[in-house]
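S.K.: Structure here, sequence nowhere to be found:
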């Protein structure tokens, strides 16, 4: 009886571990409203804004996404999901509005930056900066 109970408990624990791994692995799709995805970046990206973008990236993004946007930042290993490779064509094909929305609203482990970076202009500058990671 005790052996059967132990086997049952082990089976349940293995099932729960498998289910939580599959949940992490699948990382549900990040849905962006169509009107947000269609927004164009209203900020001109000049030399001054490039410096601002680099500084914002270093302060808010680099620890997870890495210096070059490869998803290899110092905190990346602590995340349940991959932080993403911003240099890929798949990432870069997203619209500016999509990137702005994701940066603003956050999702799962990605924090929302609408309060941390209250300036829309700063978030649009970061979108420009992410474009330069390709």
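M.R.: Happy to help now that I have it. Since this is a predicted model, take the numbers as computed values, not measurements.

S.K.: contacts, neighbours, all on C-alpha from now
M.R.: Will do.

S.K.: From residue 101, how far off is the residue nearest the centre of the chain?
M.R.: Taking Cα atoms, centre = their mean, the centroid of the chain lies closest to residue 110, which sits 4.7 Å from it. Taking Cα to Cα, to the nearest Å as the measure, residue 110 falls 12 Å from residue 101.

S.K.: Next: residue 72.
M.R.: 23 Å.

S.K.: more neighbours, those two?
M.R.: Neighbours of residue 72 and residue 101, each counted by other Cα atoms under 10 Å, are more numerous for residue 101; the result is 23 against 19.

S.K.: tell me the secondary structure for that one?
M.R.: helix (DSSP: H, G, I helix; E, B strand; the rest coil).

S.K.: Surely it is in contact with residue 32?
M.R.: Yes. Using Cα atoms under 8 Å, residue 101 is in contact with residue 32, at 7.0 Å.

S.K.: and stretch 45-55, which residues are buried?
M.R.: Buried residues in stretch 45-55, counted by 16 or more other Cα atoms under 10 Å: 45, 49, 50, 52, 53, 54.

S.K.: residues making contact with it?
M.R.: By Cα atoms under 8 Å, 6 or more residues apart in numbering, the surrounding residues in contact with stretch 45-55 are 122, 125, 126, 128, 129.

S.K.: So which of those residues are in helices?
M.R.: Counted as lying in helices by DSSP state H, out of the contacts of stretch 45-55, are 122, 125, 126, 128, 129.

S.K.: What is the nearest of those to residue 114?
M.R.: Within the ones in helices among the contacts of stretch 45-55, distances to residue 114 taken as Cα to Cα reach their minimum at residue 122, with 10.1 Å.

S.K.: gap between the closest one and residue 77?
M.R.: Separation of residue 122 from residue 77 (Cα to Cα) stands at 27 Å.
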